[in-house]
Structures are given as structure tokens and as C-alpha cells.
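Student: no sequence on this one, just coordinates:
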């Protein structure tokens with residue numbers, strides 16, 4: 001889009017995703033800022049249009065400013081968090097001008113800082129390559145640390161759900177109708193707004209969205225098995241608690257459409273970790289649960305690209321037939337515990 005000034009005329013989801021100004025993805029950076037605060041994935045909110053325009057306008061002005069500033073004076077740039085509309089222009093302009101840049105971010109538990117250089121934290125190939133390089137350089141590979149970390153992470157996540165989302169899951173609590181004699185396949189939902197801020201590379205490869213994936217998985221199992229030997233569970237993330245955006249309501253409403261769908265709501269006290277450890281197969285978009293499942297020797301199908309799929313830790317189906325084969329492979333093995 002060529003513009004004579006900073007103003008944009010109209011806005012929608014596709015326009016926002018594809019909008020660039022002087023080579024900088026200011027539409028996507030504005031989307032990232034807006035969605036982080038509102039969780040309005042599809043830009044349905046009353047203030048979406050007005051807010052995105054203002055955020056883009058700010059990013060465009062920053063883009064012009066950084067082009068003028070960096071071109072002349074600076075050789076090396078250090079910055080913190082390059083995701084949002086007030087940061088990403090600096091990252092992108094520095095990259096375009098081929099300056100040395102260090103984009104710093106906290107790790108998930110905020111006790112370490114990573115230098116992502118000129119990459120963003122959701123660049124799957126970059127993260128996977130960094131992990132592989134680290135693994136190759138590490139002479140003493142202490143796998144006991146992995147066991148320790150997984151236990152620590154489980155405790156950290158449980159506490160986070162309680163503090164941030166007011167959801168207190170009861171340790172080891174399984175659904176009343178849980179049957180250990182069946183193959184229990186669990187679909188772990190995420191809130192679907194976070195990962196999209198990385199751009200179109202993070203869109204689903206086989207399905208339109210999570211709801212589409214859940215509905216098609218349910219129908220596959222119903223037709224092929226009739227829920228005789230397989231139970232299918234959908235666990236909504238605690239992060240979805242109290243939100244009323246259409247894409248979340250659609251997931252909840254699947255229970256009305258399919259009466260025998262085992263849907264576990266965000267507020268439920270049922271333990272995500274209890275059902276994970278007892279499951280036969282996990283399906284998820286990009287999720288840390290993928291790694292935890294494989295650690296517990298459970299195979300994982302990811303429906304979205306993430307570093308773990310690049311490292312061959314989980315299965316990433318190419319199409320619906322490929323997905324179906326994985327679903328009905330009774331003795332499907334975890335792809336790689338080392339990943």
C-alpha cells in the first residue's frame with residue numbers, strides 16, 4: 001500500500017495483517033498491541049477500527065523517525081521486546097538498514113533474558129535452530145534436569161492459572177465419566193489470539209481454526225468408532241475464562257451442536273495435567289503442553305507450526321487424510337523425546 005500521509009482509510013482483519021509502510025509490517029504490529037490488551041482476535045470490538053488506525057499511525061510516524069535516526073548515527077541497537085506497535089518499527093527498520101540489532105526478551109518464567117538478535121520470539125525456525133546449536137555444544141547432557149524442569153513448570157503453570165485467571169484446578173481430578181479402558185484423545189485449546197500476532201506463517205495448516213479442527217476430529221471419531229473404543233475430550237484453556245468474543249463462544253457452543261462432546265470449560269476444576277498424563281494422544285495448536293506430553297511418553301499432533309514441530313517432537317499433519325491416519329493409529333509413538 002502506497003500512502004502520501006500516515007492516515008489509513010478503512011481496516012479489517014486481512015487489511016491489517018497485510019498492511020506495510022516502507023517495508024515495515026505496521027498493520028501486524030498494531031494488531032499485536034491491540035489483541036494483547038483486548039483479546040479481540042477477529043477485530044469485532046466497537047473500538048477496533050478506531051484503535052487500530054491510531055496504533056498504525058503511531059507506528060508509521062515511528063518508522064519515519066527511525067529511518068532518519070538510525071541511518072546516520074547508529075551502528076548497533078539494543079532493544080527490549082520487538083512484538084508490539086511501538087517496538088516493532090525499530091526492529092524492522094534496523095533489519096532493513098542492516099544494522100546489528102539485539103532484541104531482548106524475558107524467558108517464560110522471567111528469570112533469564114534471551115538475545116533474539118533481529119528475530120521475533122515466535123519465529124519457529126530461529127528458535128529451533130538456537131536450541132539445536134545449544135544441544136550440540138553442550139557436552140554433558142544432563143537429562144535429569146528435564147525431569148526437574150517439567151515438574152517445576154507444572155507447578156508454575158498451575159499457580160499462574162490460579163493467580164491470573166482465578167481458575168483453581170484440583171490436583172489429579174479426572175472427569176466423572178473418564179474411562180481408562182478406552183483410548184482417550186484430548187484436544188487442548190488455546191485462546192487462539194496470541195499466536196496469530198506472528199503473521200500468516202502461524203495460521204493453521206490443515207484446518208480453518210480450532211473450532212473447525214475440533215468439529216472435524218469429533219466427526220471422524222464418531223463415524224469410524226462411534227465412541228466405542230475412543231473417547232474425545234476438549235479442554236478449554238483457563239485463559240479463556242470470562243471472555244465473550246465470538247471465536248470463544250463458538251467453541252463453547254459446540255456442546256449444543258454435539259450433545260455427546262466431552263467439553264471441559266475454562267473454569268472447570270478438572271486437572272489438565274491429570275488428563276494429560278492419562279491420555280493416549282494429545283492434539284493442540286502451539287502449546288507447551290506438547291513438550292510435557294512427550295515427556296510423559298504420549299504422542300502429540302500439533303495443528304500449528306511451532307519450534308517443537310521443527311525439532312520433530314510432534315506430528316504436524318500435511319492434510320486431513322494425514323491427520324486422520326494419525327488419529328486412528330492405535331500404537332502411535334511419541335515422535336522424539338530428545339526434542
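Tutor: In hand now; what should we look at? No experiment lies behind these values; they were computed from the predicted model shown. Numbering: from 1, shown residues only.
Student: Show me the shaky parts of this protein.
Tutor: 1-11, 108-109, 165, 193-195 (pLDDT under 70).
Student: Quick check: next helix or strand after the lengthiest helix in it?
Tutor: Counting residues, the longest helix found in the chain (DSSP state H) is helix 48-73. Using DSSP states H and E, the next helix or strand after helix 48-73 towards the C-terminus is strand 76-80.
Student: from the chain's centre, how far out does that following strand sit?
Tutor: 26 Å (C-alpha atoms, centre = their mean, to the nearest Å).
Student: Please apply the same query to stretch 148-165.
Tutor: How far stretch 148-165 lies from its chain's middle: 17 Å, per C-alpha atoms, centre = their mean.
Student: thinking again about what came up before, name the residues of the longest helix of the chain that are buried.
Tutor: Within helix 48-73, the residues scored as buried using 16 or more other C-beta atoms under 10 Å are 48, 51-53, 55-60, 62-63, 66-67, 70. C-betas here are computed from N, CA, C, even on glycine.
Student: and what of stretch 179-191?
Tutor: Judged by neighbour count using 16+ other C-beta under 10 Å, the buried positions of stretch 179-191 are 183-191.
Student: Quick one: residues in contact with it.
Tutor: Stretch 179-191 is contacted from outside by 39, 178, 210, 213-214, 217, 221, 229-237, 239-240, 243, 248, 251, 272, 275-276, 278-287, 289, 327, 330, using C-beta atoms under 8 Å, 6 or more residues apart in numbering.
Student: Please narrow the residues you listed to those residing in helices.
Tutor: Reading helices off the contacts of stretch 179-191 with DSSP H, I get 210, 213-214, 217, 221, 248, 251, 272, 275-276, 278, 289, 327.
Student: Can you lay out these as TSV showing neighbour count?
Tutor: Converted to TSV, the ones in helices among the contacts of stretch 179-191 look like this (neighbours: other C-beta atoms under 10 Å):
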residue	neighbour count
210	26
213	24
214	22
217	21
221	21
248	25
251	22
272	23
275	21
276	19
278	16
289	21
327	21
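Student: what residues are up against residue 274?
Tutor: Contacts for residue 274 (C-beta under 8 Å, 6+ apart) come out as 171-174.
Student: May I see those organised as JSON lines, with secondary structure, neighbour count and distance to residue 294 added?
Tutor: JSON lines is the format used below for the contacts of residue 274 (DSSP: H, G, I helix; E, B strand; the rest coil; neighbours: other C-beta atoms under 10 Å; distance: C-beta to C-beta, whole Å):
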{"residue": "171", "secondary structure": "coil", "neighbour count": "10", "distance to residue 294": "22"}
{"residue": "172", "secondary structure": "coil", "neighbour count": "10", "distance to residue 294": "21"}
{"residue": "173", "secondary structure": "coil", "neighbour count": "15", "distance to residue 294": "23"}
{"residue": "174", "secondary structure": "coil", "neighbour count": "16", "distance to residue 294": "21"}
